[in-house]
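J.: sequence-free structure coming up:
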């Protein structure tokens, strides 16, 4: 049996970010994941570094968070990021008022946005569709998630954290006020005078006891929460990404319309990643991967960039978004659920001490999510130290060979950037 101040479950962008943040504050941290870091949503994303323009007209807070974190990541993450730039293109069938609204909202929220003519846009992306009527240049970029997660975990370890990439949680350790494990493990049926005091882990790791446990498992947050008898009511949705052979794209290309299927093309070194769909799933480990999603994504992306329709496919993968919105999902459907993040204090909400969940959000804002969660945990533990993650660069951030060695060490390779780094 081992002991730590804080046990963080989930080694994606947010979990590794929390580990790094708390370790930099002098907290003894242990981070665990199953089957390698970044093996969940983070490693199966489209890897877009948002400028905030996608959300500008509908979510002012989210837009401002994105542009702020975009600028921070460019400073601290180095070769984990590709400063590609981005375009939002208005096609002939798209609403010009929506374009105007997005452009004005970007400028209002501090997102650099320059309106371009079709001719100016084609100087950057010659293969744009003939019916592009206007474009908006914004500071989007590309995240290589494998490098980002591995470098963040290395930063946590440099400050004293223990990182266990292959230590699946079998169960959470829950005790009542007298140190006894409750006999009734069903969600919502226990007396609420309990605390999460650690976890039992597989692969011969055994028990790790902790003063506080953080649930950073993303789309799997309900599964871990149920081990503590709490319900997070996650609303995960799947989305497909299709890699095609398309070197030299340049900027990210976005369709300037309300978020829909097949409206993003993300450049990689010799490929473009087309995305994506949004379909509700019940189980983030077991869901349909439908051919229609692939076909629709290619067709819609080709409306902006016609050559991708006939480009050779290099890979296809699905990811699951960790959406949290128990009321919004019923009112507005999957795309109406907030992409914001939430720090859930289970002591306050459920009467279960020693347990915090961080849910929702985007990879672009993972550092901010980690800061918010770390602020909460530090307050609970009485740690009086500020967040410093926005000022200190990640280990190896300017050295791609070192970054890729860290990816291998932490088993952090994933399909999102397999063409750049190589991964599972």
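T.: Arrived safely, thanks for sending. Computed from a prediction, not measured in an experiment: that's the story for all the values here.
J.: now the helices: where do they sit in the chain?
T.: Using DSSP state H, the helices of the chain run over residues 13-24, 60-76, 96-108, 118-124, 145-158, 221-226, 291-304, 328-332, 346-350, 366-381, 400-409.
J.: right, so of those, which gets closest to residue 134?
T.: Nearest to residue 134, of all the helices of the chain, is helix 96-108, at 5.9 Å by CB to CB. (Glycine included, C-beta is placed from N, CA and C.)
J.: pLDDT of the closest one, averaged?
T.: Throughout helix 96-108, pLDDT has a mean value of 98.
J.: ok so, going back, dump the helices of the chain into CSV; add distance to residue 175 and mean neighbour count as well.
T.: Listed next are the helices of the chain as CSV, based on distance: least, CB to CB, whole Å; neighbours: other CB atoms under 10 Å:
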stretch, distance to residue 175, mean neighbour count
helix 13-24, 23, 30
helix 60-76, 37, 19
helix 96-108, 49, 17
helix 118-124, 59, 15
helix 145-158, 27, 29
helix 221-226, 17, 22
helix 291-304, 45, 18
helix 328-332, 34, 13
helix 346-350, 14, 17
helix 366-381, 17, 22
helix 400-409, 35, 18
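J.: who touches residue 343 in this structure?
T.: For residue 343, the contact set (CB atoms under 8 Å, 6 or more residues apart in numbering) comprises 356-358, 369, 372-373, 376.
J.: Dump these to TSV, plus distance to residue 213.
T.: Formatted as TSV, these follow (distance: CB to CB, whole Å):
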residue	distance to residue 213
356	8
357	10
358	12
369	17
372	17
373	12
376	13
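J.: Low-confidence regions, the stretch 201-350 of the chain specifically.
T.: Low-confidence segments of the stretch 201-350 of the chain, defined by pLDDT under 70: 326-339.
J.: all strands of it, in order?
T.: 206-215, 237-245, 252-255, 264-267, 271-275, 279-280, 313-321, 341-345 (DSSP state E, counting those that start in this stretch).
J.: Relative to residue 137, which of those strands is closest?
T.: strand 252-255 (10.7 Å).
J.: which other helices and strands contact that closest one?
T.: strand 86-91, strand 264-267, helix 291-304 (3 or more CB pairs under 8 Å, 6 or more residues apart in numbering; DSSP states H and E).
J.: Sheet partners, orientation included, of it?
T.: Using DSSP bridges, strand 252-255 pairs in its sheet with strand 86-91 (parallel), strand 264-267 (antiparallel).
J.: still on that earlier bit, how about TSV for the helices of the chain, with distance to residue 280 added?
T.: As requested, the helices of the chain are exported to TSV (distance: least, CB to CB, whole Å):
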stretch	distance to residue 280
helix 13-24	22
helix 60-76	21
helix 96-108	25
helix 118-124	35
helix 145-158	23
helix 221-226	14
helix 291-304	13
helix 328-332	8
helix 346-350	24
helix 366-381	23
helix 400-409	32
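J.: Residue 139: which of those is closest?
T.: Across the helices of the chain, closest to residue 139 is helix 60-76 (CB to CB), at 6.4 Å.
J.: And that closest one, what does it pack against?
T.: By 3+ CB pairs under 8 Å, 6+ apart, helix 60-76 packs against helix 96-108, strand 141-143, helix 366-381.
J.: So for residue 257, which of the ones you listed sits nearest?
T.: Nearest to residue 257 among these is helix 96-108 (6.3 Å), distances taken as CB to CB.
J.: rewinding a little: out of the helices of the chain, which comes closest to residue 256?
T.: Of the helices of the chain, nearest to residue 256 by CB to CB is helix 96-108, at 5.1 Å.
J.: tell me what the closest one is packed against?
T.: helix 60-76, strand 86-91, strand 132-138.
J.: what's the angle from the second one to helix 291-304?
T.: With axes from the mean of the first three to the mean of the last three CA atoms, to 10 degrees applied, the angle from strand 86-91 to helix 291-304 works out at 90 degrees.
J.: outside of strand 86-91, which residues touch it?
T.: With contact meaning CB under 8 Å, 6+ apart, strand 86-91 is reached by 51, 53, 96, 98-99, 102, 116, 121, 124-125, 128-129, 131-141, 251-256, 303-304.
J.: Buried only: go through these for me.
T.: Neighbour-count burial (16 or more other CB atoms under 10 Å) is assigned, among the contacts of strand 86-91, to 51, 53, 99, 102, 116, 121, 124-125, 128-129, 132-141, 251-256, 303-304.
J.: The chain - how does it break down into domains?
T.: As recorded under automatic domain parsing, the domains making up the chain are 2-43+146-235+337-417, 83-142+237-321.
J.: end-to-end on the longest one?
T.: Domain 2-43+146-235+337-417 stretches 35 Å from its first residue to its last (CA to CA, to the nearest Å).
J.: With stretch 11-30 instead?
T.: By CA to CA, one end of stretch 11-30 lies 11 Å from the other end.
J.: Now stretch 362-372: average pLDDT?
T.: Mean pLDDT, stretch 362-372: 97.
J.: Distance from the chain centre to that stretch, please.
T.: Centroid displacement of stretch 362-372 relative to its chain, using CA atoms, centre = their mean, to the nearest Å, is 8 Å.
J.: show me the contacts for the residue positioned nearest the centre of the chain.
T.: The chain has residue 363 as the residue nearest its centroid, 3.0 Å off, counting by CA atoms, centre = their mean. Shown in contact with residue 363 (CB under 8 Å, 6+ apart): 13, 42, 45, 47-48, 143, 145, 148.
J.: I'm done for today, thanks for sticking with me.
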